[in-house]
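1. I'd like to go over a predicted model; first the sequence, then the structure.
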Amino acid sequence: MLKNSCSAQSLLQRRALLTRSVDEQMQAANAGEPLRRCLGSIDLLLLGLGSILGAGAFVLTGVAAHEHAGPAVMVSYLIAALAALLSGLAYAEFAVDLPVSGGATTCILLTFGELASWIVACNLILEYTLSVAVCARAATAYGATLVGLSPEATLISLGPFKLDICAVLLIAALGTLLALGTKESATFNSVVTGMNVIAIMYVLFVGAPFTHASNLVPFAPFGVRGIFSAASVVFFAFVGFDSMATVAEEVEDPETALPVGIVGAVVISAALYVALSAVICAMVPYGDIQVPQLTNCMSALLRTSARFVSFGAVTGIVTSALVSLMGQARIYVTLGRERLLPPWLAQINAARKTPVNATLLTSVSSGLLAVLVDLEVLAELVSIGTLFAFFAVSAGLIWRRYTGSGQSPENAPETGKRLGAVVALSLGLSISYIAGGPEWLVAVAALFWLSAVLWLSHLPTLYMPTKFKMPGAPFTTSLAILANLHLICSMSWQAYIRFGVWMLLSLAVYCLYSVHRADGSYETLEGQEEQ
């Protein structure tokens with residue numbers, strides 16, 4: 001028994017930090033039936049808009065304006081968009097260089113190794129699964145309202161459970177569409193996303209005549225701190241752009257389409273959100289904005305076409321669910337290829353060129369949650385997992401720039417020391433700000449953080465991408481790290497506990513199953529290096 005225990009420990013130590021090069025991951029992607037490259041720049045842009053734009057804009061804007069920033073919530077949206085854009089550009093650099101399915105999972109497998117990649121993948125699986133379930137339940141509630149019923153009309157009471165059968169049917173329909181074809185799914189998304197954008201534009205044009213400039217004064221009643229606090233709230237309106245990187249393997253021209261899609265989706269969404277927040281704040285004084293009152297105000301204003309606006313809300317939710325289902329299936333494909341999960345998940349249907357098995361698992365898991373579970377208590381767990389993935393990708397980009405892409409990078413100790421300093425001081429700056437520390441303390445923490453970034457930037461660059469590179473790295477990448485860690489530090493202690501429990505479960509699956517089943521090519525490579 002002791003021998004078996006030592007053997008398992010040795011296997012874990014050998015595999016945890018082993019990385020997959022670009023060539024190895026491309027070879028794994030091309031080993032079986034390929035996914036069809038059928039998505040262009042416009043397809044990807046609309047997938048990004050479909051994943052970002054949703055019905056939560058009114059809720060987030062109302063809360064952020066009333067409690068944090070006032071009319072300056074418009075500036076908060078711009079700050080949040082900049083933070084999202086920085087993380088999105090880091091994703092784009094990796095995805096252009098490594099155009100395979102998986103998004104952040106493949107990025108981290110390339111830089112920090114198998115265990116870190118598995119942890120990120122588990123967080124993304126949780127994000128996508130819960131997002132689909134939440135969207136499906138919300139869509140049925142909005143749909144019921146659309147036809148004149150109460151939001152609970154579609155629920156079936158069964159003991160302590162309130163079953164939402166319509167949500168399951170919606171997930172099944174979207175899963176079937178994804179299994180039929182990626183291009184067909186993208187076309188459906190384009191049409192529905194177009195309807196959502198038209199609905200938002202309708203709100204803007206109809207609401208504009210009812211605005212009053214006096215409602216925008218004072219513009220920033222809570223000061224600069226309030227603007228940044230509101231940015232932390234509205235940042236989650238932009239979560240979803242990461243799903244574009246998961247379909248990189250199906251993009252016809254990754255070098256052009258991925259940057260255009262990611263940057264374009266964030267910029268267009270930011271413009272719509274800023275305009276929407278401007279109209280809302282100019283219609284209602286920030287002190288009077290409460291989510292129920294805001295909803296009633298908009299309903300009264302738009303009562304002649306309220307169902308049209310409700311239909312726009314439903315379209316936003318449906319496209320978010322569709323893109324999340326698509327992204328999660330591609331994560332499963334990557335884990336199946338690496339044998340971290342059963343390899344049948346990586347099988348691609350020869351006729352449709354889609355991951356039918358992975359899509360089926362995604363639909364079943366999301367459907368079970370949607371029909372049985374009240375998901376509100378897990379919302380922060382989704383958020384912290386997403387932010388952890390964003391942070392890991394940004395850190396991975398810095399790591400690759402200064403260590404190259406070898407199995408045993410020579411510059412790793414020094415890079416680890418300087419990157420660790422940036423991470424630690426990002427946490428220090430975030431905590432000092434969130435805790436309400438004096439301005440001089442926050443300023444000192446910011447100076448130390450900037451010094452660490454400058455120290456990092458003086459390392460010799462060992463890798464520079466030739467197709468697309470993150471502009472301004474490591475300064476912009478360090479800003480992305482700071483933004484994501486700041487948002488993580490803003491969450492409640494319950495979110496940290498739930499996150500810790502999920503991490504322990506993920507590590508248990510890795511140690512008990514994944515590490516023993518994974519592809520043996522690592523051992524082959526290791527043997528060659530020893531020779």
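-> Yep, it's here.
2. how about the secondary structure of residue 196?
-> Three-state call for residue 196 (DSSP: H, G, I helix; E, B strand; the rest coil): helix.
3. shouldn't it be in contact with residue 317?
-> No: contact criterion C-beta atoms under 8 Å: residue 196 and residue 317 do not qualify, at 9.1 Å. Every C-beta, even on glycine, is put in place using the N, C-alpha and C of the backbone.
4. mind pulling up the pLDDT for residue 436?
-> Predicted confidence (pLDDT) for residue 436: 84.
5. so which helix or strand of the protein has the lowest pLDDT on average?
-> Here the helix or strand of the chain ranked lowest by mean pLDDT, DSSP states H and E is helix 521-530, holding a mean of 41.
6. so where's the protein uncertain?
-> Across the chain, the ranges flagged by pLDDT under 70 are 1-9, 11, 54-59, 150-151, 158-161, 288-310, 373-382, 405-409, 519-531.
7. the stretch 401-531 of the chain: helices as residue ranges?
-> Assigned by DSSP state H, counting those that start in this stretch, the stretch 401-531 of the chain shows helices spanning 412-434, 439-457, 475-489, 493-509, 515-517, 521-530.
8. burial-wise, tell me which of the ones you listed comes out on top.
-> Stretch with highest mean neighbour count among these: helix 475-489 (a mean of 23; mean count of other C-beta atoms under 10 Å).
9. any idea how far it is from the chain center?
-> With C-alpha atoms, centre = their mean, to the nearest Å as the basis, helix 475-489 stands 14 Å off its chain's centre.
10. same question, stretch 218-234
-> The answer for stretch 218-234 is 23 Å, by C-alpha atoms, centre = their mean.
11. now swap in stretch 423-436 and tell me
-> 23 Å.
12. alpha carbons of it, as PDB, please.
-> The C-alpha trace of stretch 423-436 is given here as PDB (Å, rounded to 0.1, in the frame of the first residue of the first chain):
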ATOM      1  CA  VAL A 423       0.400  39.600  -7.900                       C
ATOM      2  CA  ALA A 424       1.100  40.200  -4.200                       C
ATOM      3  CA  LEU A 425       1.100  44.000  -4.600                       C
ATOM      4  CA  SER A 426      -2.100  43.900  -6.700                       C
ATOM      5  CA  LEU A 427      -3.700  42.100  -3.700                       C
ATOM      6  CA  GLY A 428      -2.300  44.700  -1.300                       C
ATOM      7  CA  LEU A 429      -3.500  47.600  -3.400                       C
ATOM      8  CA  SER A 430      -6.900  46.100  -3.800                       C
ATOM      9  CA  ILE A 431      -7.300  45.300  -0.100                       C
ATOM     10  CA  SER A 432      -6.100  48.700   1.000                       C
ATOM     11  CA  TYR A 433      -8.700  50.400  -1.300                       C
ATOM     12  CA  ILE A 434     -11.600  48.100  -0.600                       C
ATOM     13  CA  ALA A 435     -11.000  48.300   3.200                       C
ATOM     14  CA  GLY A 436     -11.400  52.100   3.000                       C
END
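13. quick revisit: for residue 345, which of the helices of the stretch 401-531 of the chain is the nearest?
-> Among those, helix 515-517 comes nearest to residue 345, with 12.0 Å by C-beta to C-beta.
14. helices or strands up against that closest one?
-> helix 2-16 (3 or more C-beta pairs under 8 Å, 6 or more residues apart in numbering; DSSP states H and E).
15. using PDB, list the CA coordinates for the helix or strand following the helix it packs on.
-> Next helix or strand after helix 2-16 toward the C-terminus (DSSP states H and E): helix 22-30. What follows is helix 22-30, C-alpha atoms only, in PDB (Å, rounded to 0.1, in the frame of the first residue of the first chain):
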ATOM      1  CA  VAL A  22       1.600  24.700 -29.400                       C
ATOM      2  CA  ASP A  23       2.600  21.900 -31.700                       C
ATOM      3  CA  GLU A  24       1.500  19.200 -29.300                       C
ATOM      4  CA  GLN A  25      -1.900  20.800 -28.800                       C
ATOM      5  CA  MET A  26      -2.400  21.400 -32.600                       C
ATOM      6  CA  GLN A  27      -1.400  17.800 -33.200                       C
ATOM      7  CA  ALA A  28      -4.000  16.600 -30.600                       C
ATOM      8  CA  ALA A  29      -6.600  18.700 -32.300                       C
ATOM      9  CA  ASN A  30      -5.900  17.300 -35.700                       C
END
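16. buried ones in helix 22-30?
-> Residues of helix 22-30 classed as buried by neighbour count (16 or more other C-beta atoms under 10 Å): 24, 25, 28, 29.
17. the third one reaches residue 338, doesn't it?
-> In this case it means residue 28. Yes: contact criterion C-beta under 8 Å: residue 28 and residue 338 qualify, at 7.3 Å.
18. can you put the buried residues of helix 22-30 in JSON lines and add distance to residue 15?
-> JSON lines is the format used below for the buried residues of helix 22-30 (distance: C-beta to C-beta, whole Å):
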{"residue": "24", "distance to residue 15": "14"}
{"residue": "25", "distance to residue 15": "16"}
{"residue": "28", "distance to residue 15": "16"}
{"residue": "29", "distance to residue 15": "21"}
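19. quick one: which of those residues is nearest residue 455?
-> residue 25 (31.7 Å).
20. what's near enough to touch the closest one?
-> For residue 25, the contact set (C-beta atoms under 8 Å, 6 or more residues apart in numbering) comprises 98, 100, 106, 109, 110.
21. show me where this protein has strands.
-> Secondary structure of the chain (DSSP state E): strands at 155-158, 161-164.
22. figure out which of these is closest to residue 256.
-> Taking C-beta to C-beta as the criterion, strand 161-164 is the member of the strands of the chain that comes nearest to residue 256, at 41.0 Å.
23. buried ones in that closest one?
-> Applying a neighbour-count criterion of 16+ other C-beta under 10 Å, one finds 162, 163, 164 buried in strand 161-164.
24. can you tell me how far the second one sits from residue 169?
-> I take that to be residue 163. With distances taken as C-beta to C-beta, to the nearest Å, residue 163 is found 12 Å from residue 169.
25. count of neighbours near residue 391?
-> The tally of other residues near residue 391 (other C-beta atoms under 10 Å) stands at 24.
26. just the CA atoms of stretch 399-415, as PDB, please.
-> What follows is stretch 399-415, C-alpha atoms only, in PDB (Å, rounded to 0.1, in the frame of the first residue of the first chain):
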ATOM      1  CA  TRP A 399       5.000  34.000 -17.900                       C
ATOM      2  CA  ARG A 400       5.300  33.000 -21.600                       C
ATOM      3  CA  ARG A 401       6.800  36.300 -22.600                       C
ATOM      4  CA  TYR A 402       9.700  36.000 -20.100                       C
ATOM      5  CA  THR A 403      10.300  32.200 -19.900                       C
ATOM      6  CA  GLY A 404       9.700  31.100 -23.500                       C
ATOM      7  CA  SER A 405       7.900  27.900 -24.200                       C
ATOM      8  CA  GLY A 406      10.200  25.100 -23.100                       C
ATOM      9  CA  GLN A 407       9.500  22.400 -20.600                       C
ATOM     10  CA  SER A 408      12.200  23.700 -18.200                       C
ATOM     11  CA  PRO A 409      12.500  27.500 -18.800                       C
ATOM     12  CA  GLU A 410      15.800  28.900 -17.500                       C
ATOM     13  CA  ASN A 411      14.300  32.200 -16.500                       C
ATOM     14  CA  ALA A 412      11.400  30.700 -14.500                       C
ATOM     15  CA  PRO A 413      12.800  31.500 -11.000                       C
ATOM     16  CA  GLU A 414      13.300  35.200 -11.700                       C
ATOM     17  CA  THR A 415      10.100  35.500 -13.600                       C
END
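27. that one: how far from the chain's middle?
-> When C-alpha coordinates are averaged (C-alpha atoms, centre = their mean), stretch 399-415 and its chain have centres 27 Å apart.
28. what's it in contact with?
-> Contacts of stretch 399-415 (C-beta under 8 Å, 6+ apart): 18-19, 21-22, 110-112, 398, 419, 456, 459-464, 473-474, 525, 529.
29. turn the strands of the chain into TSV, including distance to residue 443.
-> Converted to TSV, the strands of the chain look like this (distance: least, C-beta to C-beta, whole Å):
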stretch	distance to residue 443
strand 155-158	52
strand 161-164	50
